[in-house]
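# quick check, what structure comes out for this input:
(2 chains)
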Protein chains: 2
Amino acid sequence: MSSLYCGVDIGGTKCAVALVSDRGRIVDKVYTRDHAGQDEEGLVTTVAQLIRTLLRRNSIDEQDLPGIGIGFAGHIRYRDGVVITTSNLKGFRDYPLRRAFQSHFSIPVTLDNDANAQAWGEYCFGEGQGYDDMVFLTISTGIGAGIILDGRLYRGTTGTAGEFGHTIVAPDSDLVCTCGNHGCLMAVASGLALPHLYEKKIQQGKKSRLEQLPGFDPAKIDGEILGKGLAMDDPVSREIILECGHYLGIGIYNIFQTLNPPLIVLGGGLTNWGEIYFEKIRSTFYELAGNMLHDPVRITRSAITGDAGVVGAAALTM
Amino acid sequence: MSSLYCGVDIGGTKCAVALVSDRGRIVDKVYTRDHAGQDEEGLVTTVAQLIRTLLRRNSIDEQDLPGIGIGFAGHIRYRDGVVITTSNLKGFRDYPLRRAFQSHFSIPVTLDNDANAQAWGEYCFGEGQGYDDMVFLTISTGIGAGIILDGRLYRGTTGTAGEFGHTIVAPDSDLVCTCGNHGCLMAVASGLALPHLYEKKIQQGKKSRLEQLPGFDPAKIDGEILGKGLAMDDPVSREIILECGHYLGIGIYNIFQTLNPPLIVLGGGLTNWGEIYFEKIRSTFYELAGNMLHDPVRITRSAITGDAGVVGAAALTM
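Reported below is the predicted structural model:
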């Protein structure tokens, strides 16, 4: 039997547990949504049971695994495995999540931020293969990221390095982030921003074809709806997507000036907008970089979008 | 005899060569301004002679040194020691400066960006002592920086990592950087910005006491003149200094979200503005960081401002 690894991806609505091969392939996977409504202890018990279920049905003993890797959607203090805060689940303020999981298992539990886990998965099995340094960004409701330097995840003092979503790129913007600041990259270029950007366009007197969609609610606009708008040739959807791409291009340019990496990989729901979005990101980046670009910077789409969370979490134990 | 190290700091107007002790103290130093008007080869010959002069008068044989460390004000490709470009001296486009110096000496020559050298000096002998990670920023005519991660300079793919001065913090600003982009940190918060910021204040109808200074030329405003303005209780000087501090606070906040370092050290001419400037930087930073700050971030002034260049360059050979 080849080596297997266990990864857990705990998100705000869905929790997935998978057994992953040493090549990053999913061998078996289970998931639940029951974890979301529970308190901290309840969540841990539910997820621990889910892990056991998966192991049992694959006739795997806990001791066959090198450990359990967990990616969690929140601010994680890596050194002691404490969730400092999360905006995706109730509670979990200064909660010792790694210790709580560890009490259910005899093998080592590793806990990291979900974007870090995804970055690590992308590095081990995706577009990052063959590189020493890369930056991974996941762009969906918010913007998360992971930094790989010299073949290792760079986490910083607390474990919150790579929060590019909170870097400020437009301080005079009227768009406000969940953190309360104006003009973070997240506030102007993630899923959070979309209803506000739409509202502004409509206030400017622009007409959107999205209104023709049955049950359309402008307050609930997300990446998928704008993707539909793009397919419908809706000019407002197109403008918003280009605006998001523009700001993301600025964000990526700032990453380039800061870390000078050879590779930037983008994942997350908004990358489904496809070529029009990537084209705008790249053109903004290259225009800003001008003659300051002395080595190639590859800006590409994640190779393992769907399962990046669990694959990356499993890879944390390799 | 305790160990000695040789550092060279090549700036746009001044070139210094020093012998430095293993504790970072200057043992002897010579400098010249003759290098500035010359072509590449002439500069190298002049500086090599200066190095020999210093060694001779200290009765030091080249072989007594582990190497020669050079900090150069420009974009350096570290792996092959090529100056890609510089805005501080004529020529030096894709010039193999390390090789040119190496042809004059039998001991290894190390060439790096001047801000990287200063950062390394600060790390070895200044405020960085006792830390594994830090970011150093030098704020004068431009903004340079060096990143230390896990006790090593992080240079990125080309060697241009840490160009925080070129990160964009105000894309809609009308202030333009030497790179041609709008609203880089350098364009809004370095010496470059000062005449433009002054002009804007005057256009807004504000009155400055600087006009009382003999021979005052608004186009030549620099950090020193604004420092005088501060001493004269000039409200316009004060406003500009606070505005620069505000944007630098945003820049430092972005560094915090990106790298989550425990220490940020500031050097360079504009830090002579003193407490009013640092207070604004810190208050902006803390306001933005809010409850996202989970471990202390020390923001402090360089301990070795005057000789940081040569000391850092020498430290590159340790």
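# quick check: which element contains the residue of the stretch 1-150 of chain A found nearest chain B?
In the stretch 1-150 of chain A, the residue that lies nearest chain B is A:Ile84 (5.3 Å; Cβ to the nearest Cβ). For the C-beta atoms, the positions are set from N, CA and C on the backbone; glycine is no exception. Per DSSP states H and E, A:Ile84 falls inside strand A:82-85.
# counting by contacts, list what that strand packs against.
Using 3 or more Cβ pairs under 8 Å, 6 or more residues apart in numbering or on different chains; DSSP states H and E, the elements in contact with strand A:82-85 are strand A:75-77, helix A:97-102.
# which strand residues bridge the spatially most central residue of chain A?
By Cα atoms, centre = their mean, the mean C-alpha position of chain A lies nearest to A:Thr138, the distance being 3.6 Å. Counting by DSSP bridges, A:Thr138 is bridged to A:Gly144, A:Gly267.
# so what touches the strand holding A:Ile84?
A:72, A:74-77, A:92-98, A:158, A:160, B:291, B:294 (Cβ atoms under 8 Å, 6 or more residues apart in numbering or on different chains).
# which two in these are spaced the farthest apart?
A:Arg98 and B:Asn291 (21.8 Å; Cβ to Cβ).
# in terms of packing, which of these two has more residues around it?
Neighbour totals were compared for A:Arg98 and B:Asn291, and A:Arg98 leads with 23 against 10 (other Cβ atoms under 10 Å in any protein chain shown).
# got the contact list for the residue nearest to that one when sequence neighbours are not counted?
Once flanking residues are discounted, A:Arg98 sits nearest to A:Gly81: 2.4 Å by Cβ to Cβ, 6 or more residues apart in numbering or on different chains. A:Gly81 is in contact with A:96-99, A:109, A:111, counting by Cβ under 8 Å, 6+ apart.
# do the same with A:Ala117
A:7, A:9, A:69-71, A:146, A:309, A:312-313, A:315-316.
# show me those residues that map onto strands.
A:7, A:9, A:69-71, A:146 (DSSP state E).
# how about these in CSV, adding pLDDT and distance to A:Asp174?
Listed next are these as CSV, based on pLDDT from 0 to 100; distance: Cβ to Cβ, whole Å:
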residue, pLDDT, distance to A:Asp174
A:Gly7, 98, 40
A:Asp9, 96, 34
A:Gly69, 98, 40
A:Ile70, 98, 38
A:Gly71, 97, 33
A:Gly146, 97, 30
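# now the buried members of the residues you listed.
A:7, A:9, A:69-71, A:146 (16 or more other Cβ atoms under 10 Å in any protein chain shown).
# low-confidence regions, chain A specifically.
Within chain A, the ranges that satisfy pLDDT under 70 run A:1-2.
# can you tell me which of the buried ones among the ones in strands among the contacts of A:Ala117 is closest to A:Arg209?
Checking those against A:Arg209 by Cβ to Cβ gives A:Asp9 as the nearest, at 35.6 Å.
# surely that closest one and A:Ala16 touch.
Yes - A:Asp9 lies in contact with A:Ala16 (Cβ atoms under 8 Å); the separation is 4.7 Å.
# chain A: helices as residue ranges?
A:40-57, A:97-102, A:114-125, A:185-189, A:194-203, A:223-231, A:235-259, A:275-289, A:308-315 (DSSP state H).
# pick the most deeply packed of those.
helix A:308-315 (a mean of 30; mean count of other Cβ atoms under 10 Å in any protein chain shown).
# elements contacting that helix?
Under the contact criterion of 3+ Cβ pairs under 8 Å, 6+ apart, helix A:308-315 touches strand A:4-10, strand A:15-21, strand A:26-32, strand A:68-72, helix A:114-125.
# could I get these as JSON lines with distance to A:Leu197?
What follows is the helices and strands packed on helix A:308-315, written out as JSON lines (distance: least, Cβ to Cβ, whole Å):
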{"stretch": "strand A:4-10", "distance to A:Leu197": "29"}
{"stretch": "strand A:15-21", "distance to A:Leu197": "31"}
{"stretch": "strand A:26-32", "distance to A:Leu197": "32"}
{"stretch": "strand A:68-72", "distance to A:Leu197": "29"}
{"stretch": "helix A:114-125", "distance to A:Leu197": "23"}
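# how about the buried ones among the ones in strands among the contacts of A:Ala117 in a markdown table, adding distance to chain B?
What follows is these, written out as a markdown table (distance: Cβ to the nearest Cβ, whole Å):
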| residue | distance to chain B |
| --- | --- |
| A:Gly7 | 24 |
| A:Asp9 | 23 |
| A:Gly69 | 21 |
| A:Ile70 | 19 |
| A:Gly71 | 18 |
| A:Gly146 | 12 |
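# and which of those residues is nearest B:Gly165?
Of all those, B:Gly165 sits closest to A:Gly146, with 25.2 Å by Cβ to Cβ.
# for that closest one, which non-adjacent residue is closest in space?
Per Cβ to Cβ, 6+ apart, closest to A:Gly146 is A:Ala119, 2.4 Å.
# contacting residues for the one you found?
Counted by Cβ under 8 Å, 6+ apart, A:Ala119 has contacts A:128, A:134-136, A:145-148, A:153, A:162, A:265, A:312.
# B:Arg282 versus the residue in the stretch 51-200 of chain A that chain B sits nearest to, what's the distance?
Per Cβ to the nearest Cβ, A:Gly156 is where the stretch 51-200 of chain A lies closest to chain B, at 2.5 Å. According to Cβ to Cβ, to the nearest Å, A:Gly156 and B:Arg282 sit 19 Å apart.
# cool, A:Val236 as well?
A:Val236 sits 42 Å away from B:Arg282, going by Cβ to Cβ.
# try A:Glu127
Distance, A:Glu127 to B:Arg282, using Cβ to Cβ: 39 Å.
# that older thread, filter the contacts of strand A:82-85 to the buried ones?
Here, 16+ other Cβ under 10 Å leaves A:72, A:74-77, A:92, A:95-98, A:158, A:160, B:294 buried among the contacts of strand A:82-85.
# for those, which one is nearest A:Glu40?
Once Cβ to Cβ is applied, the member of the buried ones among the contacts of strand A:82-85 that ends up nearest A:Glu40 is A:Tyr95, at 5.1 Å.
# ok, now which ones touch the closest one?
Taking Cβ under 8 Å, 6+ apart, we find A:Tyr95 in contact with A:40, A:82-83.
# what is the neighbour count of the residue of the stretch 1-150 of chain A closest to chain B?
19.
# and what of the one 5 residues further on?
Using other Cβ under 10 Å as the criterion, A:Leu89 is surrounded by 23 other residues.
# which residues touch the spatially closest residue to it that is not a sequence neighbour?
Nearest non-adjacent residue to A:Leu89, counting by Cβ to Cβ, 6+ apart: A:Gly12, 5.9 Å away. Going by Cβ under 8 Å, 6+ apart, A:Gly12 touches A:36, A:73, A:88-89.
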